[in-house]
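Novice: Give me a model of this one.
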Amino acid sequence: MTKTKYSQTIKGLREVKGITQDEMAKKLGMSRPTYIAVEKGTRELTVSEFDVLAGVLGVSMDELELGMVADFEKYKQMILLYLRNSRKEGVRRTKLAKLVYLADFAWFYYHLKSMSGMLYRRQKYGPVPDAYFRALLELEEEGKINVTTENDDDKVSYTYHESSSNKAQKLSAVSADEEDLMNKIFTNWKDKHGAELVNFTHNQLPWAICREDEIIPYVLITQEDPDNIF
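Specialist: Predicted coordinates:
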């Protein structure tokens, strides 16, 4: 952990949540001047303090450590945009996860900024955020998506569709330029199977050089071949 990576992130999140410096200091069991030093980046947090702080702010320790806080609602809208593009066919769960990953990392490649800020782990079937399945569950519970299941070689596959009642919702968190990139990614992969997309992400530098279950740094995509971004 470095001072500059998380001090401004902590301050910004605290202010958004309406927590005063006094209140935060009490939650961490320290004086207000000591906490102010944390926000200024001149006082390091202990591991236990870091854990408490992450819980109070409602973010993961990884997000704070990397200085990147995810926009979970935007991530859900990105999922919805891909399902909206798929129309009646829907998108299988593994392929859907990879499509959103490509959008986040391709946007970083071109703009040095992720669309959603989600942190992706190196998993067996490619990069995926810890909150991916929670996002799908929430969207289903909110009535925004439907899921169908089928047995395929003794394995259950899950296909997601946007619900008809949600199609009028404006996906305002995604900008026009971001939507344009996502449309290009979808067009490139819409007729290909999920396994092909998994193989593609496995051959990209970010997945290839990280260890199993490791958070994949976005900056690795900037070293990728320009023809291998999506």
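
Novice: CA only for contacts and neighbour counts going forward, please
Specialist: Fine.

Novice: In the chain, which helix is the longest?
Specialist: Among the segments of the chain that qualify as a helix by DSSP state H, the longest is helix 93-111.

Novice: so where is this structure shaky, pLDDT-wise?
Specialist: Low-confidence regions of the chain, defined here as pLDDT under 70, cover residues 1-5, 65-68.

Novice: any chance you could map the helices in it?
Specialist: Counting by DSSP H, the chain has these helices, from start to end: 3-16, 21-28, 32-40, 47-57, 61-66, 72-86, 93-111, 132-141, 176-189, 194-202, 205-209.

Novice: Tell me which of these sits nearest to Asp153.
Specialist: Nearest to Asp153, of all the helices of the chain, is helix 194-202, at 14.6 Å by CA to CA.

Novice: so what's the backbone phi/psi at Glu214?
Specialist: Torsion angles at Glu214 (phi, psi; degrees, to the nearest 10) stand at phi -80, psi 140.

Novice: on that earlier part again, list the buried residues of the longest helix of the chain.
Specialist: Burial within helix 93-111, assessed by neighbour count using 16 or more other CA atoms under 10 Å, is assigned to 93-109.

Novice: hmm, who's touching it?
Specialist: Applying CA atoms under 8 Å, 6 or more residues apart in numbering, the external contacts of helix 93-111 come out as 78-79, 82, 113-117, 120, 125-128, 132, 157-160, 178, 181-182, 185-186, 193-195, 197-198, 201, 218-219, 221-222, 229-230.

Novice: domain ranges for the protein?
Specialist: The record's domain split for the chain, according to automatic domain parsing, is 3-66, 72-228.

Novice: gap between the two ends of stretch 185-194?
Specialist: 14 Å (CA to CA, to the nearest Å).

Novice: Any buried residues in that stretch, and which?
Specialist: For stretch 185-194, burial by neighbour count (16+ other CA under 10 Å) applies to 185-186, 189-190, 194.

Novice: Kind regards, and thank you for your time.
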